[in-house]
Every structure is written in structure tokens, then in C-alpha cells.
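Engineer: Structure of the sequence below:
(chains A, B and C)
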Amino acid sequence: MDFETLETDSLKIGVEMYKWASDLFPLNRSITGQGNRETLQYLKKLLPDLKINNFKSGDDVFDWTIPDEWRIEEGYIDDEYGNRIIDFKTNNLHILGYSEPVDTWLTLEELNNYLYSLPEQPNAIPYATSYYKRRWGFCITHKQRLSLKDIKYHVVIKSNFFKGQLDYGELIIQGQLKDEILLSTYICHPSMGNNELSGIVVTSALAQLISSMKSTRYSYRILFIPETIGSIAYLSCNWQYLKNYTKAGFVITCVGDNNNYSFLPSRTGDTYADKIANYALNNYVKEFKEYSFLERGSDERQFCSPLIDLPIVSIMRSKYATYPEYHTSLDNLNFICKEGLLGSYNIYKRIILLLENNITYKPLIFCEPQLGKRGLYNITSNQNADSLVNIVAYIDGRLDLIDLCNKIKIDFFDCLNIIQILLEHKLILKENGS
Amino acid sequence: MDFETLETDSLKIGVEMYKWASDLFPLNRSITGQGNRETLQYLKKLLPDLKINNFKSGDDVFDWTIPDEWRIEEGYIDDEYGNRIIDFKTNNLHILGYSEPVDTWLTLEELNNYLYSLPEQPNAIPYATSYYKRRWGFCITHKQRLSLKDIKYHVVIKSNFFKGQLDYGELIIQGQLKDEILLSTYICHPSMGNNELSGIVVTSALAQLISSMKSTRYSYRILFIPETIGSIAYLSCNWQYLKNYTKAGFVITCVGDNNNYSFLPSRTGDTYADKIANYALNNYVKEFKEYSFLERGSDERQFCSPLIDLPIVSIMRSKYATYPEYHTSLDNLNFICKEGLLGSYNIYKRIILLLENNITYKPLIFCEPQLGKRGLYNITSNQNADSLVNIVAYIDGRLDLIDLCNKIKIDFFDCLNIIQILLEHKLILKENGS
Amino acid sequence: MDFETLETDSLKIGVEMYKWASDLFPLNRSITGQGNRETLQYLKKLLPDLKINNFKSGDDVFDWTIPDEWRIEEGYIDDEYGNRIIDFKTNNLHILGYSEPVDTWLTLEELNNYLYSLPEQPNAIPYATSYYKRRWGFCITHKQRLSLKDIKYHVVIKSNFFKGQLDYGELIIQGQLKDEILLSTYICHPSMGNNELSGIVVTSALAQLISSMKSTRYSYRILFIPETIGSIAYLSCNWQYLKNYTKAGFVITCVGDNNNYSFLPSRTGDTYADKIANYALNNYVKEFKEYSFLERGSDERQFCSPLIDLPIVSIMRSKYATYPEYHTSLDNLNFICKEGLLGSYNIYKRIILLLENNITYKPLIFCEPQLGKRGLYNITSNQNADSLVNIVAYIDGRLDLIDLCNKIKIDFFDCLNIIQILLEHKLILKENGS
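Structural biologist: Residues are numbered from 1 along each chain as shown, chains lettered A, B, ... in the order given. Purely as a prediction, here's the structure:
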């Protein structure tokens, strides 16, 4: 392992991720549709091995059914003077997601039943959808809403529903083990920065990183799926394999701003993913807020559901549903930044390196080894010598390296350096199967 | 289950219990004798299915032997002027329980060896007995004792011992399961309110409640027995069945005053009875004091003894041996009250409802169910909708409802309402055997 | 068991131990050599059953090899005027342990490369050795070093190395069980009080105590071995037997001064030795400081090494490497005292009595026994009666006496008195095999 690259300090990759987010921002993603296919095509350029698959409208997936595909051409409101006061073209949040078609004249009073706005955030366009109940509506700033005059309005949404498909991307990177690490992010929010694109771009950058590693111990399964219906559909086909082979998994979302980290544990709170995430958060970020699984809100709702029960957690920056810009037009490209994306990338990189290297070793020598005859008393500094002696004193074939580091109070990656030396001197051996 | 009657607010049942206590107060109960039979006959009127059984004097019961029956006709002290200064007829605490017969003249100095009084409570007649060592004695207020003149006294106790029986009552209410809940109270203290009659009347009211339920999940075994020798005798015949089938049990005593609650855990502190009692106390009473099993003092001494080892606890108001009126004539009908009895009745009612409904459920649907298509998003309020979603997210076939409620921080009976809805919609199923 | 001698208050045995330490102080112990054989011969007079054995130079013991034996006849430095400024005869710490022979003239500058002194402790001669790398050197006070003039010095060490042996003492005291208690102390430091002789003399006194007991439950294995190489060599021959039969063990070192106690737990911290030591420290000493196994430093490094993994702890007074006199000429006979040695002896005596008596008992009677008919209600005091009732209420065939005493909050040896009574009355029985 290349220790110089434990963390990527250069902003290069942060700049790159931000660029991808900017490219993907305008696409009108939803749980189905053209915007999603364009998004996946874009990602395939970044990740050539990405497989793009789909489920068909009408497919039964557990308790749910894949809905019809939604296509929208245009959507606008003109006032009676012909002024276009709202236009889907200017911001795709303006249309309630999955709006049915409409072409009618309404009074302001009538129109008000179809408008969504946020009185407490007068400058934000809210994000709203109605996937499973046919409705139509417009989302506008409250400021604009208050300015509407009591005249007539021409309301037009040119949309249609048809038997189409729900698209998703899946990238499998084969490792030495069949055991897998799952990274999952979602592609169903149009034009939102932290609560959508940050997850997509950090996951893509991590996928590139993992692909670039010569050989990984674990296999990696990386998913770009619409939230909820996408993960349910995916699990309906793959849950048994995932239950057998998923060692740890992460829902990567809300990783774009540069505020403190957040942690959403798994339902039980004691899975291997929780262990790894806790080690990383306690050692490699300044501060983080731990939430309860009762505050969950993304695809861990499916991955951790009782009959599926995968070991899945989320490390985030500002967690969904906790910041005022969430699910509004203010969660845009200004809300995220390259430094924020880079920090999230780095903590997940640490997690991958922890996963790859958190192995159990067993001693090969009874009693203390004679370090002097091997020149190991002063490897680089006295502190390292102490650490080496302590590592040898505790390695027992049962503690994994994280347990060991917690016991003897040294850093995991410092420990790993010493483990290399002990392996070279045949003082320890990898436990079979770990 | 009828949720409107979770707690009985009306004082009606408190008034009734207090009336029963008043009726039973004058009877001269002991570990054997006529007073006990009269007590049991009275209870049989309240509980027609009560079985009245007995053990015979001389029967060996584990390490003990059923003692001879004690009959007392009269007992008094006259002074040399013929004034009757103490008379069993006025208060049956005046005679040391199980006093042997005596008819003699004594000086004050001689008499003092046979008098029991409490210097620190000069107005209280103490309660004392000598079941297993032949003695006689009189219990009097310390005030009266100090007033005795140095003259001669004629002391008379007309009592006798004979091969008789030790009587007890047993009510078995058959449920769907062979598994049982044990309620036990004692009938051996003459004329005392909190530390005797409160237990008898609350247990009787609970027995009426359980009998009135259409069908219970558990079977209930309800005992009215003399303390110590009664429970030992009962266990000597029934311990193996009780070990096999007792799921939880409660020694009901000292439940008559209106002070804060007390809790005496089982010996190990981790039985199912402890779990249920802790949930009830932590959620349904304002305050309670937890004692250690080292402070035990009633029939849990036998029920929890190591080779018997039943899951038995006690929820009390003012615990025996902690209040100054305990074991004196001041623990009388004024010490208890209908409000105190009602509160105790209600907490035990909660316990019965918890026991009956604390079941394990398993999910029937993989991933989250689609609540919208079932109209379950707004069942009554948003809070209930959240609770429903959380219940579904945690029900796993392993957590019982109490564990579940503790995890997701909702009330057991609120949870139960939602469980009904989930059952109706076939989203969950009772775990087999629970 | 003789309860009057729970602790030996008389200083007699403290005086005796101090005398032994004084006798052994001048001998030039090292990991091999004549000083060790003289030490062992002295101990054999105290412990006639002591077996004196050895390993041969060149023997392979795990990762190590028994070194050549070191013999030193004399060692001194004369200045150019013929003044003998340093002489091994005056203090055997003056010579770096295992110094190779030398006979040469050096300038002060050259000499300085071979001098060891402690600037921060100018009056102390440091203790230093070089067992596995050939060197020579003199240890002197820093005060003397600063006084050396820039003249020439004649440096002479008459030492030699040869195929000899490493000597050690082993005393096995057979008990009723094959299970063993290990007591180990070291014999390799010349002329040091706390960090060497205190361990030897306290261990010897304990060995005399154990030998004097009519019959012990456990067998005792008592070792006098050079530190590190001695314990490694001993384990290389005996580790499998020790793993099978060692129930608890103690490295007895630094037990000579009269300061507060120190505790070094085992590697895992949860062995039976930890349990016993914790009970003794928490109940029978005023104060103690608990160290981490990371601060280990004696033969627990070998005994607790992962593949050996014996249940070994250390109770000390001032722990090695924590007091300024450690490993210098100031850790001498003035640093230790008879009161300090006696206190250490007494705490280890307590430990032996705890080990011998910490048994599991099971009840023989269902429910509470009838104490009255056995006259057990007032055995000596009311407190004892309460304790007896509580012991009977908790003895269940699973809790050992330490667990029981912790539960019911009475002292182990008070409990033991009551256990005798319960055994005599056939109310309890020793658990088979305990």
C-alpha cells in the first residue's frame, strides 16, 4: 500500500468532482426517465466498466411496482397578459415531480391549490414529487407567490406516462475475496447539490480509486440507483447474494459541503460497517455528530430493513433533513464546494484502506522474540520500538488490527508499517481467511 | 383489548377494596386457625372459583413441619382490684401470637417479663408472635406499660394447641398457554392494614379483573397463603410445576397507602418479572424507590430461593420494615386508603396488560412496505405515522414489544394500537409460540 | 484454616526477610554465574525442597539461545598516579554486566566512551548490562565522573566467557489438585533491594508458609529464575504443562518498600489471577495504583505472551521504572524495610488464602432452612445472623465465594466462618471439583 497517499491533500480531485457535479446539475433526474439515462451515460465515461441496467414499468419488486416512466417536455404558467411567470426550462424544480399533464385556465384562487412554496424560506423553490399518486403542481418561491395578482393564469404541463423503465448503474470490481463492500448512491433528484450530486461524484471518484488499485482484498459493488424504489428493486433481485457476501456497506449521500461530519449508524449499531466507520470518524475527522437510526432517511431504510439486514451506515457532512437548504433550490452548486467533496472523499478513502487492511495476525514465536539479533530495537525511533514490542505482545490471532490499535493506543496506519516489518521478519502471519 | 380501561380512574373499585379490608380487619388471622378459615370464606364470596385447601399439622414440608393449630378463646390481665386492664377482645394484637395457655397471679416485676411494648412508639401496640417456640405474652402500648402500678395481676390466656390444619386459598384461571403468572399474597397477620389486608384486597380485585377477561394468553395462579410456612408448604407440593411454567410472579403486599412506590427485584434482578415491573414502574408511576434483594422480607424469600429460583418480584407502596407503623396497631385502616389501593391496583393491571401483550412479531414484507397504497401514511397523526414506520423498521422476530418500545421510544400501549393496524394489513405476524 | 493468622502483625517475619536480603545483597548475581549459584544455595537452606537446575550455554530456548557463562575476577580503573579510582570490589554495580575483558591505557576522552552515569542523579551508580552484544564499561556516579582529570587511566577488567550454565531454583509443593498456583521471582540483579531482593525474600517466606500448611488445595510452583532469558528457558520446557494446570500466577517483584501498592494486571485483564488480586487489593490494602499491561516490565512479558497466555499478574509496592532509585545503587538495603516486606508478605498471604478457599457451594435444602431448630438465629451477633441468612439465600452452586461476598457485601473471611457453620449443619455442600 502506498502510504504517501493516505489522504489526498491536493485539491485536484476536489476540482474534478466539482466539475462533474456542475456537468450533471442541469439534468432532470427522477426515479425514471431521460435525465437518469443521461446521468448514467455521463458516469460511464468516468467509469468504463459501469453496467447500465433497468427494471421494466409494471415489474413487481417486493411490496412495490416499478411505476410508468415519466416524460416531460415543457411546463409553464402564463398570466393573462401572456407573461411567462414560471418555466420548467429555467429550473427543473419548478414542476412537481411526476406531474400529470394539464392545459387549463385558472383563477389565482384555483391556482393556489397547485402551488408549493415555503413561507419560512421565501427565496427557495421547494423540491416536491408525487410518484405514486397522480397529481400536478408547480413549486415556486414564496416571494413570487405573494407577488401573484388576482388575475387568470394559463397553466400548461406537457408530460406523459408510459411503460418504460427504471435505469440504474452497477459497477462490480472483483477482488481476491467473494466478500464485498457495498457503496450506494442515488440518482433521482434533479438539480440538487449536497443531497444528490455530492454523493454521485464522491462515489464515482472512489470507484476510480478502487479501480486503479492493483488488487483489492474485497470485491466492491458500487450502485447508482434511484432512492427507495431503486434500492428495493435492486434488492429484490440481489438480496440473497448481498446477505451472503456483504461485509460492510455505505450509503454515500450529503457529502458535498464543508461542515462537520455526521454519522448514521446501522439499525443494530454493531455491524462491521459501524466498527470501521467509528474508527475512521474517531481518528481522522475533527468532529462529528452521531445520529440515531431513528433519524435515517436514505437507502439504509431498505438495506437495513429487518429481513434484509445488511451492515450499512452513512458518513455524511450536513445530513439530509437537518439544514434549511435541504430539498430546495438553495441546495445548489453554491452549497457544495471542492474542499467539502475532497474531505468526504478522503474519509471514505481511509475507510477503504481500513477495510482492506484490517486483518487478524497470529504470532509465530513463543514468548517475546529476540529483537536485538534482528536489529529491530531501533527501527526508526524509540516510539516505534515500543509500538513494535506492544504489537508483538498483543497479536494473538483473535484481535483484528483495529482492536489491536485501540488496545495499545497507536494509529492504524502506523501499526500497518510495523506489521510489514514483522511480516518480513517472519514474526507474525496473516490468519487464514482474513 | 379495551384501551379505554388501561387505568381505572373511578374510585369505585378503591372504595370496594377498602370495604373488603374493613370487613376482614377484625378477624384474628395467624399461620393457622379459625380466623384464616373465616378470611378464606369471605374471599370465596368474592372469587367463587377459589379453592380452599389445607396441610395437616405434622406434615413435613421441606425443612419445616406444619405446626399444631392454635385456638384462642380469651386473654386478659386483671389488676388486683379486678380492673380488666388488657383484653384480647378489644384488639387481637394484645396477645403474642401462638401464646400457650396461662392462668396465674404475678407481681408487676414478674409480669414485665411477659410484656412487649415499643418505647420509641409509646402509643402503638406491637405485633409479635412465637410460632415455633412455646411462650406466652401480652403486647401493649408503652404508655400503658409505664402506667402500671406495682400491684398484683391476674393473667389469663385460654388457648390450646391441637393437630389441626394450615388453610390456604388457590385460584387457577386457565389461559391459552400452560405458562403461568403467579400472584401471591399472605393471610397470617391479624388486624393490620398495609402489611396484610392491602395485599389481600388488591389481589382479590385483580383476580376478579382477570376472571372477567374473555380469554387470557397466560394462565394465572393466585395464592392466599400464610407467609413463610404457607409458601414453603405450597412449594413443597408444587415447585416442579411452578419451575416449569412460571413466566413471572409477584408477591403482592404493602399496597395500601398512598405514598411513592417501592420495588423489590428478584434475587438475580434479570428475570422476566423484573423486566415487566421495570417497564411499568419507569413508565406508569411518578417515582419509585428500588430496593436490593438483600432487603427482601416476604415470600420471595422462598420463591426466589436458589433451588426454587422463580422469577418473582414485588411492587409495593411503603415497603414492610421501612415505615414506623409497620408491625404495630398503627398499621390499621387509617394507614391505608382507597386512593392508595386503587393506584396499586392500576399498576398491577398495567403489568397484567403488559404481560398479556408483550409478544414478538416478525415482518412479512422485505424492505419497507408501500404504506401509501394501504392508506397508512396518515393513520391518525404524523406522530403515529412516524411510529408506524419505525415499528416496521425494527420488528425483526427477535425484539419483544417492550424492547421495541424502548428502542424507538414510544409507549407500549400506543405501540399496541399500531401493531393491530399492521396485523390487519398483514405486514407482520405473531412469532410462533409467543 | 487458622483465622487468627490471617495477617501476621508481628514484625518477626519482616525482620527475618530483611536479614535474608542483607545476606544476599553482596552477591554478584547476573543471568548466569557464581553469584546465582551462591544465591540459590542460600535459598536451599531456607527451603530444603528447592530443586536447583540449569540450562547449558548454547541451548536453544524458543527464539533465544542460552548465552555463555560470565565470570569476573576483578575490574578497576587506576589513574596515571596509581590511584584506584573505581573498583568492582567496592560495588559490583561498577562493572557493566557481561563486560568483556580489557587491559589498556586510555585518555579521559577515550575513557568517557565506556563510562555510564546519570546526570540527573549525580550520586547514583547506574545499573547496566550488555548480555547479547559484547562490550565493556564502567558505571559510576556522575559526581565522580565530573571530577575526573584529563590524564591517562589504566583500565582493567579480568572477565571471561565460557560454555557454562544458567542456574535456577524450582520448588513444587504438591496439593490435592493438579491445578497449580505459580509464584515467580528473579535472581539476576546484583546488589539491588526493591527491584530484586525484596522479591526473592518475600517469595521465600511465602514458600515457607505454604510448605508449613498441612495440606493445600492447589499445588504450588515457585520459581527463582533470571529475568527474561530464565523465564523463556523455563517456559520452553514447561509451557504445555503450565498452560494446562496454571490456575493463577504472580510475578513477585518490587515488594520491599513501604509505599502504596501497585497492580499490574494480565494482558487480558480478566483472568482468575486478576479476579483474586482485585479482591485482595480492594479489600485489604488502603490504596493502590492500577497500571496497564502496556506498562509491564518483568516476566509477565513471557508468561502472558500470546502463545503462552498464562493468567499472571503482579502486586507490587513501588513499581519498577517508576521510582528514581530504580536500577541504581540507591535501590539498596535502605530503600527497603522490614515493614514494607511484611505488608507485601501479608497481601500475598491473603491471596493464597483466597485462592485456597474461593470455592463454589451448592444448597442442600429447598426454600429457606428452619434456622431456629438448629439454634442458628443468634450465632454470635445479629449481623452474623443476617449474613448467614443472606449467604443461604444466594448460594446456588454457580457463584464462587468472592462473587457471593461481592453480592451480599460481606468480607470473604467472615463469610468463610459462616460457611463452616453451614457445612457442619449440612445446609450446603462443596460443588464437585471446586
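Engineer: does whichever residue of the stretch 251-400 of chain A sits closest to chain C count as helix, strand or coil?
Structural biologist: Going by C-beta to the nearest C-beta, chain C is nearest to A:Asp396 of the stretch 251-400 of chain A, at 3.8 Å. All C-beta spots, glycine's among them, are computed from the backbone N, C-alpha and C. Following DSSP: H, G, I helix; E, B strand; the rest coil, A:Asp396 is assigned to coil.
Engineer: in stretch A:356-376, what counts as buried?
Structural biologist: In terms of neighbour count (16 or more other C-beta atoms under 10 Å in any protein chain shown), stretch A:356-376 has its buried residues at A:356-358, A:360-371, A:376.
Engineer: closest to chain B among those?
Structural biologist: Chain B has its nearest neighbour among the buried residues of stretch A:356-376 in A:Asn358, at 27.3 Å by C-beta to the nearest C-beta.
Engineer: Show the contacting residues for the closest one.
Structural biologist: A:Ile276, A:Asp400, A:Leu401, A:Ile402, A:Phe412 (C-beta atoms under 8 Å, 6 or more residues apart in numbering or on different chains).
Engineer: isn't the last one right up against A:Leu355?
Structural biologist: No: with contact defined as C-beta atoms under 8 Å, A:Phe412 does not count as touching A:Leu355 (11.2 Å).
Engineer: sorry, back to before: could you pick out which of the contacts of A:Asn358 are located in helices?
Structural biologist: Mapping the contacts of A:Asn358 onto helices (DSSP state H) picks out A:Ile276, A:Leu401, A:Ile402, A:Phe412.
Engineer: just those residues now: which is nearest chain B?
Structural biologist: Within these, distances to chain B taken as C-beta to the nearest C-beta reach their minimum at A:Ile276, with 22.8 Å.
Engineer: For the closest one, give me the pLDDT.
Structural biologist: Here the pLDDT value assigned to A:Ile276 is 98.
Engineer: out of everything not next to it in sequence, what's closest to A:Pro26?
Structural biologist: The shortest distance from A:Pro26 to any non-neighbouring residue, by C-beta to C-beta, 6 or more residues apart in numbering or on different chains, is to A:Ser191 (6.6 Å).
Engineer: Next, the contact list for the one you found, please.
Structural biologist: By C-beta under 8 Å, 6+ apart, the residues touching A:Ser191 are A:Phe25, A:Pro26, A:Leu27, A:Asn28, A:Asn91, A:Asn92, A:Leu93, A:Ser329, A:Asn332.
Engineer: what about it, is that helix, strand or coil?
Structural biologist: Following three-state DSSP, A:Ser191 is assigned to coil.
Engineer: Relative to chain B, how far out is it?
Structural biologist: 25 Å (C-beta to the nearest C-beta, to the nearest Å).
Engineer: Quick check: that residue vs chain C, distance?
Structural biologist: Distance from A:Ser191 to chain C, by C-beta to the nearest C-beta: 54 Å.
Engineer: Let me see the contact set for A:Tyr394.
Structural biologist: A:Leu404, A:Lys407, A:Ile408, C:Arg267, C:Pro306.
Engineer: mind running it again at 6 Å?
Structural biologist: Going by C-beta atoms under 6 Å, 6 or more residues apart in numbering or on different chains, A:Tyr394 touches A:Leu404, A:Lys407, A:Ile408.
Engineer: just A:Phe138 next, same as before
Structural biologist: A:Phe138 is in contact with A:Ile86, A:His94, A:Leu115, counting by C-beta under 6 Å, 6+ apart.
Engineer: do the same with A:Ile13
Structural biologist: Counting by C-beta under 6 Å, 6+ apart, A:Ile13 has contacts A:Ala205.
Engineer: quick one: it is in a strand?
Structural biologist: No: counting by three-state DSSP, A:Ile13 falls outside a strand, being helix.
Engineer: For chain C, see how far away it is.
Structural biologist: Counting by C-beta to the nearest C-beta, the gap from A:Ile13 to chain C is 39 Å.
Engineer: A:Asp179 now?
Structural biologist: Counting by C-beta to the nearest C-beta, the gap from A:Asp179 to chain C is 26 Å.
Engineer: quick one: what helix or strand has the residue lying closest to that residue once chain neighbours are set aside in it?
Structural biologist: Spatial nearest neighbour of A:Asp179, excluding adjacent residues (C-beta to C-beta, 6+ apart): A:Lys247 at 4.6 Å. Per DSSP states H and E: A:Lys247 is located in strand A:246-251.
Engineer: Do me a favour and average the pLDDT over that strand.
Structural biologist: 98.
Engineer: so what strands line up beside it?
Structural biologist: Using DSSP bridges, the strands paired with strand A:246-251 are strand A:180-186 (parallel), strand A:312-316 (parallel).
Engineer: which residues are in contact with the very next helix or strand once past the first one?
Structural biologist: Meaning strand A:180-186. Downstream of strand A:180-186, the next assigned helix or strand under DSSP H and E is helix A:198-212. Residues from elsewhere that reach helix A:198-212 (C-beta under 6 Å, 6+ apart): A:13, A:17, A:20-21, A:43, A:46-47, A:171, A:173, A:183, A:185, A:220, A:222, A:252-253, A:255-256, A:336, A:341, A:344-345, A:348.
Engineer: among the residues you listed, which are in helices?
Structural biologist: Per DSSP H, helices hold the following members of the contacts of helix A:198-212: A:Ile13, A:Met17, A:Trp20, A:Ala21, A:Leu43, A:Leu46, A:Leu341, A:Ser344, A:Tyr345, A:Tyr348.
Engineer: Any of these buried? List them.
Structural biologist: Buried members of the ones in helices among the contacts of helix A:198-212, counted by 16+ other C-beta under 10 Å: A:Ile13, A:Met17, A:Trp20, A:Ala21, A:Leu43, A:Leu341, A:Ser344, A:Tyr345, A:Tyr348.
Engineer: Number of residues surrounding A:Asp331?
Structural biologist: 30 (other C-beta atoms under 10 Å in any protein chain shown).
Engineer: Tell me the secondary structure at it.
Structural biologist: Using three-state DSSP, the structure places A:Asp331 in coil.
Engineer: In this model A:Gly193 seems to touch it, though I could be wrong.
Structural biologist: Yes: using C-beta atoms under 6 Å, A:Asp331 makes contact with A:Gly193 at a distance of 5.3 Å.
Engineer: Look at A:Asn390 and say how many residues are nearby.
Structural biologist: Around A:Asn390 there are 20 residues (other C-beta under 10 Å).
Engineer: so what pLDDT did it get?
Structural biologist: Listed pLDDT for A:Asn390 reads 96.
Engineer: Could you count how many residues lie near the residue nearest to it when sequence neighbours are not counted?
Structural biologist: If the residues on either side of it in the chain are set aside, A:Asn390 comes closest to A:Ile408, at 4.3 Å by C-beta to C-beta, 6+ apart. A:Ile408: 19 surrounding residues under other C-beta under 10 Å.
Engineer: Just the closest residue of chain A to chain B, please.
Structural biologist: Checked against chain B (C-beta to the nearest C-beta), the nearest residue in chain A is A:Pro306, 3.8 Å away.
Engineer: From B:Leu423, how far off is that residue?
Structural biologist: Applying C-beta to C-beta, to the nearest Å, the value for A:Pro306 to B:Leu423 is 16 Å.
Engineer: next one: A:Ile13
Structural biologist: For A:Ile13, the distance to B:Leu423 - C-beta to C-beta - is 52 Å.
Engineer: and the stretch 151-300 of chain A, which residues reach chain B?
Structural biologist: Residues of the stretch 151-300 of chain A found near chain B (C-beta under 6 Å from any C-beta of the partner chain) are A:Ile232, A:Leu235.
Engineer: let's see it at 7 Å
Structural biologist: Within the stretch 151-300 of chain A, the positions near chain B by C-beta under 7 Å from any C-beta of the partner chain are A:Ile232, A:Leu235, A:Trp239, A:Arg267, A:Leu294.
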